[in-house]
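Novice: predicted model and sequence follow; I will ask about them next.
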Amino acid sequence: MMLYSIEKIRGIILVASGLLNSIFALFIWIRGKTKATFYLGFVALFSAIYSFIYGTAFLVAGNKLFWIRATWLGVFILPAYITFVYYFTEKTKYLKLKSFLWYLGAIVLSYLALATPYIEKTNNPVYPYVDPNEYGPLAPWGRAFIIVCLATCFIYLLIGFLKNQGLKKAQLKYFILGISVYTIGGLFTAGIIPLFNPAFSYIDISAVLSVFWVGLTTYAIFKRELFEIRIILTELLVGIFSIFLIIQIFLSNSFWQYLWNINIFIVFLFFGYLFIKSIFKEIRIKQKIGEASWKVLEQGEVVSENFKKVMSNREGLLKEWFLSDVNKELEINALRSKIKELEEKLKEKG
């Protein structure tokens, strides 16, 4: 009974994650105007599809093999994100060819997962990856493809971060943070932790972390005044603990334990809200200071551009000034000579 309850709760959480990513996809496509944001919308969409399918694998009864195999459609998240990174970092040389190869790899991998037993064989959506009987012989190659995709994203983001300045550098910093949390969190909860204790396979939160990853990337794209890292990590931490406390409520063994878990959850939400609210106030003050700083920087850039234009024309300006000064001197000398001639003529007549 406990196993059934955990599966249901996890399925509901995954479906909720899919709804949030769907909202992100619509928002990105409505607000976005560049090719980079176009592909970021696909990242959100594929993340939503992965969450919906994975959640369904927990919620449906009977044979779940089809839904477990279908979760490999989530591999399209990575080619879409790589293409987004290509456009954002302006690494567009041979872009169509490179993107085609990434998508081709995702198509082959998803086909093998859906139509053959070479990747997935298990009927259980929760299983440790250490058991060779639970997956096919090509599953390690599928995970290797995912690792290569993530490594490629990291490399391009890091290169862009080192080469750029100002707003774009700040955006790339948050992109790196988002994909790092997604990768490390998913790796530990889905792969490393189950190696030591298969019972912890239930805490795989990679699909839930995709909401954080996509949401943080979207915020960095569309919000100029980026939140500091503390507010993001605080909200993430509060959200994760809230999920575990909700699960604890449904796993209560008695009425009094049920009430106790509900009280703990309410108290945690109350203090979590106060803590986040206090950080929000501090961040808003810093945002106002940041807005003023951006205005000063923009004005400074305008003054700098004008100064550069003036300095680039300094030789012409000096030449014009010199010629005008020489012309004036010549005119004065000519006037003096005419005055002397007139004076001499007057003396001769006198």
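Specialist: Thanks, I have it.
Novice: show me the shaky parts of the stretch 1-150 of the chain.
Specialist: 1-6, 122-134 (pLDDT under 70).
Novice: go again with 50.
Specialist: 1-4, 128 (pLDDT under 50).
Novice: next one: the stretch 201-350 of the chain
Specialist: 225-226.
Novice: my read is that residue 221 contacts residue 40, right?
Specialist: Yes - between residue 221 and residue 40 there is a contact under C-beta atoms under 8 Å: 6.8 Å. Every residue, glycine included, has its C-beta placed from N, CA and C.
Novice: what touches both of these two?
Specialist: Common neighbours of residue 221 and residue 40 are listed as 28, 32 (criterion: C-beta atoms under 8 Å, 6 or more residues apart in numbering).
Novice: these two: who's more crowded?
Specialist: The neighbour comparison of residue 221 against residue 40 (other C-beta atoms under 10 Å) goes to residue 40, with 27 against 20.
Novice: element containing that one, please.
Specialist: Under the criterion of DSSP states H and E, residue 40 resides in helix 35-59.
Novice: over to residue 213?
Specialist: helix 206-222.
Novice: against which helices or strands is the one helix or strand residue 85 maps to packed?
Specialist: Element membership for residue 85 (DSSP H and E) is helix 77-88. Under the contact criterion of 3 or more C-beta pairs under 8 Å, 6 or more residues apart in numbering; DSSP states H and E, helix 77-88 touches helix 35-59, helix 95-115, helix 139-163, helix 166-187.
Novice: what's that helix in contact with?
Specialist: So helix 77-88 is in contact with 34-37, 39-40, 42-43, 46-47, 50, 91-92, 95, 98-99, 102-103, 105-106, 146, 149-150, 152-153, 156-157, 160, 171-172, 175, 179, 210, going by C-beta under 8 Å, 6+ apart.
Novice: angle of that helix against helix 35-59?
Specialist: 170 degrees (axes from the mean of the first three to the mean of the last three C-alpha atoms, to 10 degrees).
Novice: could I get the contacting residues of residue 142?
Specialist: 72, 75, 109, 112-113, 119.
Novice: the domain parsing of this protein - what is it?
Specialist: Domains of the chain are assigned by automatic domain parsing as 2-226, 313-349.
Novice: can you say which of those domains is nearest to residue 256?
Specialist: domain 2-226 (18.2 Å; C-beta to C-beta).
Novice: rewinding a little: now the helix holding residue 85 - C-alpha only, CSV.
Specialist: Extracted in CSV, the C-alpha atoms of helix 77-88 (Å, rounded to 0.1, in the frame of the first residue of the first chain):
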residue,chain,number,x,y,z
ILE,A,77,15.3,18.3,-24.7
LEU,A,78,19.0,18.2,-25.2
PRO,A,79,19.3,18.9,-29.0
ALA,A,80,16.8,21.8,-28.6
TYR,A,81,18.9,23.2,-25.8
ILE,A,82,22.1,22.9,-27.7
THR,A,83,20.6,24.7,-30.7
PHE,A,84,19.4,27.4,-28.3
VAL,A,85,22.9,27.8,-26.9
TYR,A,86,24.4,27.9,-30.5
TYR,A,87,22.1,30.9,-31.3
PHE,A,88,22.5,32.7,-28.0
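Novice: okay, buried residues for that helix please.
Specialist: Within helix 77-88, the residues that count as buried by 16 or more other C-beta atoms under 10 Å are 77-88.
Novice: about what we covered before: ok, and which of the domains of the chain has the densest surroundings?
Specialist: Using mean count of other C-beta atoms under 10 Å, the stretch among the domains of the chain with the greatest mean number of neighbours is domain 2-226 (a mean of 18).
Novice: relative to residue 179, how far out is residue 163?
Specialist: 18 Å (C-beta to C-beta, to the nearest Å).
Novice: ok, residue 95 next?
Specialist: Note on residue 95: its distance to residue 179, by C-beta to C-beta, is 20 Å.
Novice: hang on, residue 137 in a strand?
Specialist: No - looking at residue 137 with DSSP: H, G, I helix; E, B strand; the rest coil, it is coil, so not inside a strand.
Novice: residues touching the nearest residue to it once chain neighbours are set aside, list them.
Specialist: What sits nearest to residue 137 in space, not counting adjacent residues and going by C-beta to C-beta, 6 or more residues apart in numbering, is residue 118, at 5.9 Å. Shown in contact with residue 118 (C-beta under 8 Å, 6+ apart): 112, 136-139.
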